[in-house]
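Colleague: Task: produce atomic coordinates for the following.
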Amino acid sequence: MEEYLRRAHESLAGAESELSAGRYHNSANRAYYACFQAAIYALLRGGTPRPVRGAAWSHAFVQAEFVRLLIDRRKRYPTELRGTIDQCRALRVIGDYETNSVSRTQCQRSVRRARQFVDRITVQEKGLT
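Modeller: Residues are numbered from 1 along each chain as shown. As a prediction, this is how the structure comes out:
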């Protein structure tokens with residue numbers, strides 16, 4: 001379980017490094033995965049079972065369950081985090097698959113959102129509040 005949080009911090013560091021280097025598509029990708037990995041960690045801490053052996057965490061499942069279970073139902077996280085994963089995912093899709101470019105400003109916002117998301121989960125789940 002802790003491995004997901006470690007990976008989230010690593011992905012976030014990669015997003016920040018790629019942003020500094022001007023590699024905005026790569027940065028958007030890493031910002032999204034920082035959120036995705038942190039959300040998996042939070043879901044596991046919240047009692048969501050791992051996928052059956054050999055199955056991966058679905059991106060749609062992680063987004064939906066994080067919002068449904070940890071924001072709406074248990075109120076463990078603030079509603080401001082509701083759209084973070086989707087916003088970061090949308091920019092990652094542009095950077096990974098579209099011919100449009102990810103701008104510096106878009107990337108800065110995505111990295112800032114990812115930082116807030118990962119930090120909030122780290123503080124909440126580690127009991128540092």
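Colleague: and the residue most central in space within the chain, what does it touch?
Modeller: In the chain, the C-alpha closest to the average C-alpha coordinate belongs to Cys35, at a distance of 0.8 Å (CA atoms, centre = their mean). Under the criterion of CB atoms under 8 Å, 6 or more residues apart in numbering, the contact list for Cys35 reads Ala8, Thr84, Ile85, Cys88, Arg113, Ala114, Phe117, Val118. C-beta here means a position set from N, CA and C on the backbone, and glycine is covered the same way.
Colleague: If I follow the layout properly, the second one ends up in contact with Arg113?
Modeller: Looking back up the chat, that one is Thr84. Yes: counting by CB atoms under 8 Å, Arg113 is a contact partner of Thr84 at 5.1 Å.
Colleague: Looking at these two, which has the bigger crowd around it?
Modeller: Taking neighbours as other CB atoms under 10 Å, Thr84 and Arg113 compare with Thr84 leading, 25 against 22.
Colleague: Against Glu10, how distant is that one?
Modeller: Using CB to CB, to the nearest Å, one obtains 18 Å as the distance from Thr84 to Glu10.
Colleague: Equivalent analysis for Ala64, please.
Modeller: Counting by CB to CB - Ala64 and Glu10 are separated by 25 Å.
Colleague: what do you get for Ile94?
Modeller: Applying CB to CB, the value for Ile94 to Glu10 is 23 Å.
Colleague: Check Thr79 too.
Modeller: Relative to Glu10, Thr79 is positioned 28 Å away (criterion: CB to CB).
Colleague: Over to Arg53. Which of the three states is it?
Modeller: When states are read from DSSP: H, G, I helix; E, B strand; the rest coil, the local structure at Arg53 comes out as coil.
Colleague: before we move on, back to that, pick out whichever of Thr79 and Glu10 has more residues nearby.
Modeller: Relative neighbour count places Glu10 above the other of Thr79 and Glu10, with 14 against 10, counting by other CB under 10 Å.
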